[in-house]
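> no sequence for this one, just the structure:
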């Protein structure tokens, strides 16, 4: 039952971050998770952390960065637009979290991906 709850939380977060056109800056993940699971957020949070080894907040950050990477690769939005779309208060906030998670700045990540794509195009 705990594993099912944890998977449900992951699906809720992924749905909000990956399957929408954007996250409002004020998106309250804890309220959404509590409402969708029908379980107190504190209870869900403890179960999630025990099973996953990271907090729900850390999981949200990881998913936001994965989505940012995806959007950078598509190259259809500016970094500022990506930050806004993913609910960051500023471009700097996205950039600092991105570097903390990936070890690269968003610009460095994008240029590495572009050079790899270029190499594939030359085959």
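Yes, it's here. Everything quoted here is computed from the prediction, not taken from an experiment. Numbers count the residues shown, from 1 in each chain.

> which strands and helices lie in contact with the longest helix along the chain?
Assignment by DSSP state H gives helix 56-74 as the longest helix of the chain. With contacts taken as 3 or more C-beta pairs under 8 Å, 6 or more residues apart in numbering; DSSP states H and E, helix 56-74 sits against helix 2-18, helix 29-37, helix 41-52, helix 79-85, helix 91-102, helix 106-121. Where C-beta positions appear, they are placed from N, C-alpha and C, glycine not excepted.

> ok, which of the ones you listed comes nearest residue 58?
Closest to residue 58 of the helices and strands packed on helix 56-74, according to C-beta to C-beta: helix 41-52, at 8.7 Å.

> quick one: mean pLDDT for that closest one?
In this model, helix 41-52 has a mean pLDDT of 96.

> which other helices and strands does it contact?
By 3+ C-beta pairs under 8 Å, 6+ apart, helix 41-52 packs against helix 2-18, helix 29-37, helix 56-74.

> buried residues, that helix. List them.
41, 44, 45, 47, 48, 49 (16 or more other C-beta atoms under 10 Å).

> and that helix with helix 29-37, angle?
Put simply, helix 41-52 runs at 90 degrees to helix 29-37, going by axes from the mean of the first three to the mean of the last three C-alpha atoms, to 10 degrees.

> about what we covered before: out of the helices and strands packed on helix 56-74, flag the one nearest residue 64.
Once the helices and strands packed on helix 56-74 are compared by C-beta to C-beta, helix 2-18 is nearest, at 5.9 Å.

> other SSEs contacting the closest one?
helix 29-37, helix 41-52, helix 56-74.

> still on that earlier bit, and the buried residues of helix 41-52 as JSON lines, adding distance to residue 81?
Formatted as JSON lines, the buried residues of helix 41-52 follow (distance: C-beta to C-beta, whole Å):
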{"residue": "41", "distance to residue 81": "30"}
{"residue": "44", "distance to residue 81": "32"}
{"residue": "45", "distance to residue 81": "31"}
{"residue": "47", "distance to residue 81": "35"}
{"residue": "48", "distance to residue 81": "30"}
{"residue": "49", "distance to residue 81": "33"}
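
> on that earlier part again, with respect to burial, which of the helices and strands packed on helix 56-74 scores highest?
Compared across the helices and strands packed on helix 56-74, helix 79-85 shows the largest average neighbour count, a mean of 18 (mean count of other C-beta atoms under 10 Å).
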